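Undergrad: Quick one: sequence and predicted model below, then my questions.
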Amino acid sequence: MQARVRGSAWTGDQPLFAEIDLQLAKGQWTCLLGPSGVGKSTLLRLLAGLETGVRFQGEISRDQPVALMAQDPGLIPWLDVTGNVTLGARLRGTLDASFVEKYPGGASDRPHQGGDRASGAEPPATPATRASMLIKAVGLADRADHLPAQLSGGQRQRAALARTLFEDRPLVLLDEPFSALDTRTRAQMQDLAARLLQDRTVLLVTHDPAEAARLGDRILLLRETGLTEWPVPSPRPPAAARPFDAPEVLALQTALMRGMMA
Ligand SMILES: Nc1ncnc2c1ncn2[C@@H]1O[C@H](COP(=O)(O)OP(=O)(O)OP(=O)(O)O)[C@@H](O)[C@H]1O
């Protein structure tokens, strides 16, 4: 077991959700759906060990470091995309010193594209290479030196996704990570995340039954009354999302939609 939340949550003297027992098995993707305000983000914050503002009665355990991608991308406004993606490593002091010198954090401090090669400098250190690969993978290669204010909502969300992937943690909590993306980009980012987080334990909060049908090894519905498991008919292919147009995926999506409407 990688992580577990067992208990109930309260806002003031009002119950938020009844007794639940959420268990995340190692290497599995668990998709969590449920009505707005039922406590999904709260559950993620509890698992991440962050303040929630609600009263939780129970036990929380996890045995691995965690990365949380919150609903709000939470990008640092004065750091460009590269600076935001590598922020955690910089704060922990694990970035190569030459990279820190070159990218201390502001767009104005960054060399122009191609500047390194023109000056014959060393190739970028490994974290820099990883960061730029991830930035490219989320489709922001031409925005790497843009500040958050210069990005669209979906671009900010992709920068936050790259930052979460850069953290490379065994336990990954994703709170509606693709909600601001157009249909095509959303499907591409689902494929990317499935590939890059293939061995990770992932808890993905989503409002989109199609997303849960593509990505879930397990699907859970959170309601005030507690957690319900939704059966998933077939295993997910390794390192990939299920095809969005496969009949069993469409059937699962429809069944989930019906369940959520009930
Ligand atoms: N810091 C806080 N202080 C007090 N109440 C809070 C706090 N954060 C959240 N809540 C309340 O807890 C409840 C659950 O919020 P939460 O964000 O976990 O819901 P959610 O299921 O993720 O909703 P959504 O799908 O809309 O994102 C809400 O009623 C919210 O008002």
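TA: Ah, there it is. Fair warning: this is a prediction, and the values are worked out from it, not measured in the lab.
Undergrad: Check which residues of stretch 37-45 are buried.
TA: Buried residues in stretch 37-45, counting neighbours by 16 or more other Cβ atoms under 10 Å, are found at 38-45. Every C-beta, even on glycine, is put in place using the N, C-alpha and C of the backbone.
Undergrad: Which ones among the residues you listed map onto strands?
TA: When the buried residues of stretch 37-45 are checked against strands using DSSP state E, none is located there.
Undergrad: Start and end of stretch 44-52, how far apart?
TA: 9 Å (Cα to Cα, to the nearest Å).
Undergrad: do stretch 173-188 as well
TA: 19 Å.
Undergrad: contacting residues around that stretch?
TA: The contact list for stretch 173-188 (Cβ atoms under 8 Å, 6 or more residues apart in numbering) reads 40-41, 44, 47-48, 66-71, 139, 153-154, 156-158, 160-161, 164, 189-190, 193, 202-208, 211, 214, 241, 244.
Undergrad: among those residues, which are in reach of the ligand?
TA: Filtering those for proximity to the ligand by Cβ under 6 Å from any ligand atom leaves 40-41, 71.
Undergrad: can you list those in TSV and add pLDDT and distance to Val54?
TA: Below are these laid out as TSV (pLDDT from 0 to 100; distance: Cβ to Cβ, whole Å):
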residue	pLDDT	distance to Val54
Lys40	96	12
Ser41	96	10
Gln71	94	16
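Undergrad: Restricted to helices, list these.
TA: Within these, residues falling in helices by DSSP state H are 40-41.
Undergrad: you'd agree Thr94 is up against Pro127?
TA: Yes: contact status for Thr94 versus Pro127: in contact at 7.4 Å, counting by Cβ atoms under 8 Å.
Undergrad: Can you lay out the ones next to the ligand among the contacts of stretch 173-188 as CSV showing distance to Pro77?
TA: Converted to CSV, these look like this (distance: Cβ to Cβ, whole Å):
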residue, distance to Pro77
Lys40, 27
Ser41, 22
Gln71, 18
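Undergrad: Looking at the ones next to the ligand among the contacts of stretch 173-188, spot the one nearest Gly12.
TA: Closest approach to Gly12 among those (Cβ to Cβ): Ser41, at 17.9 Å.
Undergrad: what's near enough to touch the closest one?
TA: Shown in contact with Ser41 (Cβ under 8 Å, 6+ apart): 70-71, 175, 205.
Undergrad: at 6 Å what do you get?
TA: Counting by Cβ atoms under 6 Å, 6 or more residues apart in numbering, Ser41 makes contact with Asp175.
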